[in-house]
Structure formats: structure tokens, C-alpha cells
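Novice: next comes the sequence, and after it the predicted model I'd like to discuss.
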Amino acid sequence: MRQVAIVGAGMSQFGKQIGRGLRSLSLDAVDGAMASSGLQFDDIQRVYFGNGIAGTVVQQDMIKAQVVFRHHPLAHAPMINVENACASGGSAFLLAVEAVASGCVDVALAVGTEQMHHVDKTRAFNALRGSADIDEIGEVEPGSTSANSILMDFYAGVAQSYLDKYGASVEDFARVAVKNREHASHNPLAYLRTPQTIAEVLEARVIVSPLTLPMCSPVTDGSSAIIVCSLEKATAISDTAILVRACMNASGAAGRPVATAAQQVYAYSGVSPHDIDLFELHDAAAPAELIQYHEVGLCEVGDGSQLIRDGVTKLGGKFPVNTSGGLLSRGHPLGATGCAQIYELVQQLRGVAGARQVEGARLGLAINGGGWLDGSYALAIATLLERV
């Protein structure tokens, strides 16, 4: 198996962009990735396109990639559409990495895109029901509407269990939201950038108790794109190539997909979690970040609240988490999130993250969760990157 490196990374503006569409968002991200890669469109030998809910929201059920690139120089590249719920982008990246590692192609492009906002506000919420087992939760009744993401119902249960088991407080969830918003204030592509206080988070509208609005990831439109090739080719064309040390996919069948994927990455790479300089975790709701602290090995089970209280996971702390602003503030356009996490790690490892730069960053880990089954994610993608 060949070593694989990232040579290009691009990201669109994240936010509320009704009517912009998959094509405009995607090409914005792809143009950024190409500009940073030193490659031409003719060099791209395969495209993996991650998307979760376009079928419901914009009624593009199929051939999403082919439609996006229909009038583009990439139109003749072989394309594969990837759906894996919130991990669609991370899964597209994994497939691109595996294609290059196997020698099937020399250069592959992974794109993750989602248009969630629509004039019909119920479309995204109805679509999100498909991230769980419909046989279990039931179909949407004709004429009924969904006012919130069903995933927040699941996260609320997880949040209450965490409070009950480990002596954490709702203020700890608020601390996560405040930290990630502070990080996002330094990210010009993030959706929500205005700093907030713990009091403001606690006093905000309750979505599902104990979660208030700032503790829940927002409906978001956006795209991110990553270009990978062999390490040999990458070092020949770029002095800012980023090595993919490991990229692993774990199923949620065992109930611990994040921990399983992270352990697989550590075993494959020989890297300890305490060697890693920064983390992009799947904070679709604030308690998820606290839980993932112990799942990726930063603390013992239930001790995540102590890390957030002590400032360990903020910029300047020992283990900065979600320097991009995370899903809570950078935004969570489902299919784009996995690639957006990779984009942030690439910016950090290249040393071009500006005011949110982690000094001397060499190793970065991303966790991209997808769907919901049996009290946890249906799958998780863990990716470890290293500055060459």
C-alpha cells in the first residue's frame, strides 16, 4: 500500500445560503482545493462526492456529483456518490485515500457538500429522520412537519445520562459552546462567529432539555474539498504536503464507534493520543464533545467536564479541540462536515490558520460521526494527519 498525502484543501463559506445549491457551493470549495494543490483538473482521476440529504431538501436524489460537475472540466472524471449520513464527507475522503493507497488511481478528489436551508424549513428536519432507523422511529405522517432535528432528541438523552452518571453540569455543556464560538470568531469561513457567554448559552431557547439552542449544531449550507495523491507525487509538487497517517471506519454495531475508530488509528500509526497536537471532534451537540474526550483517549471515562473547566481543550491549552469552531459554530452541513474537519487540520498543519493557529502543530486527529443507532453513531471515521 502506498503512502497517501493531501496536496489541496478548499472550503466554501459556511452559513445560511438559501438557493445557492450544490453546484455553486461545491465549485467554490473545489476551486480552493485546486488552487492550493499545484495540480490541473486533468490530473484528477476520480471524484468521490459526499452528500446526505439533497434528495429530500433539493430533490436531487441521484447523480449528484455528475450534476454538480456537468459543465465543468471535471465532467469526464469517473465519479462515485457517497452517502453515510453526517459522515458522508469523511467517507468520501476515506474512499479517496484508499483508492490512491491501493494504486488504482494516482490523484483523487473528495468533496462533501450540503444545502440544508430551503424556503420550506421542514425539509431538512424531515430528511434528518433518515439518519436513524425509520422502522423504529416511524415515517413522517403526511401533512405533518418537523420543527427540530430528531438527532437533538437523541443527544438530549445522552446529555442527561452524562449529567446523571458523572456529576457534570449543564454549565459544562455551555462551556463547550462558548469555547467553540470563541475559536470560530477567528475563522472567516465559519457560520456563527459572534462570541457568547455561559449565561447567554444557558438562557437561550431550550431545544430539548437540557440542551439550549447554542448547544446544538445549526442547520448549515457549505462544501469542502480535499485532493489526495501518493506521498511521492505530493512531495515532488508541493512543500506543504500533509501525510495521511491513518484513516479508519468503525461501525456503530458495538456501541462504541468513536473509540473503536480512534483505537484502530492509534494501533495502525503507532501514535498515542497524547502525541497529538489538535483535534476536530464531532460536536453536533455540546455533550458529544465532552464524551469524545474520553473516547479518543484524552481522559478517563466521565472526566471530560474537568478538561473543559480547566481550559485544556481551548486554544492555548494542552489539547486544543475544534479550533475551527466545530459543528456548533463553524456549522454542520452534514455531507460537508468530514471534509471540513480535514480542511481545518490541513490549515493548522500547514501553519496558515491565522489567529487560531496551534503553535508548532504536527499531528491532528479528526472524528466524523454519522447517523444514530442504539445510543451512539451508526459509524465513525477517524483520520490522523501529520505535517511532512
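Specialist: The structure has been received and is ready for your questions. Numbers count the residues shown, from 1 in each chain.
Novice: need the contact list for E139.
Specialist: R129 (Cβ atoms under 8 Å, 6 or more residues apart in numbering). For the C-beta atoms, the positions are set from N, CA and C on the backbone; glycine is no exception.
Novice: hang on, I meant M1
Specialist: 101-102.
Novice: the one 3 residues further on now?
Specialist: Remark: with contacts taken as Cβ under 8 Å, 6+ apart, V4 is in contact with 97, 100-101, 228-231, 243-244.
Novice: can you rerun that using 6 Å?
Specialist: Residues counted as contacts of V4 (Cβ atoms under 6 Å, 6 or more residues apart in numbering) are 97, 100-101, 228, 244.
Novice: redo these as CSV? Include distance to H274 and pLDDT.
Specialist: Listed next are these as CSV, based on distance: Cβ to Cβ, whole Å; pLDDT from 0 to 100:
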residue, distance to H274, pLDDT
V97, 25, 98
V100, 29, 98
A101, 27, 98
V228, 27, 98
V244, 21, 98
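Novice: take those residues and keep only those in strands.
Specialist: Mapping the contacts of V4 onto strands (DSSP state E) picks out 228, 244.
Novice: so which of the contacts of V4 is the closest to M152?
Specialist: V97 (31.4 Å; Cβ to Cβ).
Novice: burial of the closest one, as a residue count?
Specialist: By other Cβ atoms under 10 Å, the residues close to V97 number 22.
Novice: and if you look at the one 10 residues further on?
Specialist: The criterion is other Cβ under 10 Å. On that basis, V107 has 24 neighbouring residues.
Novice: which SSE is immediately downstream of the helix or strand L151 falls within?
Specialist: Element membership for L151, per DSSP states H and E: helix 150-166. Remark: after helix 150-166, the chain's next helix or strand is helix 170-184, criterion DSSP H and E.
Novice: check the average confidence over that next one, would you?
Specialist: Mean pLDDT, computed over helix 170-184, is 98.
Novice: other residues contacting it?
Specialist: Helix 170-184 has contacts (Cβ under 6 Å, 6+ apart) with 190, 193, 195-196, 198, 201-202, 210, 214-215, 286-287, 289, 305, 308, 314, 322-323, 325-326, 328-330, 356.
Novice: again, only using 7 Å
Specialist: The contact list for helix 170-184 (Cβ atoms under 7 Å, 6 or more residues apart in numbering) reads 159, 190, 192-193, 195-198, 201-202, 210, 214-215, 283, 286-287, 289-290, 305, 308-309, 313-315, 322-326, 328-330, 356.
Novice: ok, now stretch 189-209?
Specialist: Contacts for stretch 189-209 (Cβ under 7 Å, 6+ apart): 11, 13-15, 148, 152-153, 156, 170-171, 174-175, 177-178, 181-182, 184-185, 212-216, 218, 220, 324-325, 329-331.
Novice: what about 8 Å?
Specialist: Counting by Cβ under 8 Å, 6+ apart, 11-16, 148, 152-153, 155-156, 160, 170-171, 173-175, 177-178, 181-182, 184-185, 187, 212-216, 218, 220, 222, 324-325, 328-331 sit against stretch 189-209.
Novice: show the end-to-end separation of it, please.
Specialist: Start to finish, the residues bounding stretch 189-209 are 30 Å apart (Cα to Cα, to the nearest Å).
Novice: do stretch 317-332 as well
Specialist: First-to-last residue span, stretch 317-332, Cα to Cα: 24 Å.
Novice: counting neighbours, which bits of it end up buried?
Specialist: 317, 319-332 (16 or more other Cβ atoms under 10 Å).
Novice: okay, now the closest residue in space to E300 that isn't next to it in sequence: neighbour count?
Specialist: Sequence neighbours aside, H294 is the residue nearest to E300 in space, at 6.2 Å (criterion: Cβ to Cβ, 6 or more residues apart in numbering). H294: 18 surrounding residues under other Cβ under 10 Å.
Novice: return the residues in contact with H294.
Specialist: 300-304.
Novice: swap in Y166?
Specialist: Y166 is in contact with 301-305, counting by Cβ under 8 Å, 6+ apart.
Novice: hmm, T113 and G50 touching each other?
Specialist: Yes. Assessed by Cβ atoms under 8 Å, G50 is found in contact with T113 at 7.3 Å.
Novice: identify the contacts common to these two.
Specialist: Common contacts of G50 and T113, defined by Cβ under 8 Å, 6+ apart, comprise 335-336.
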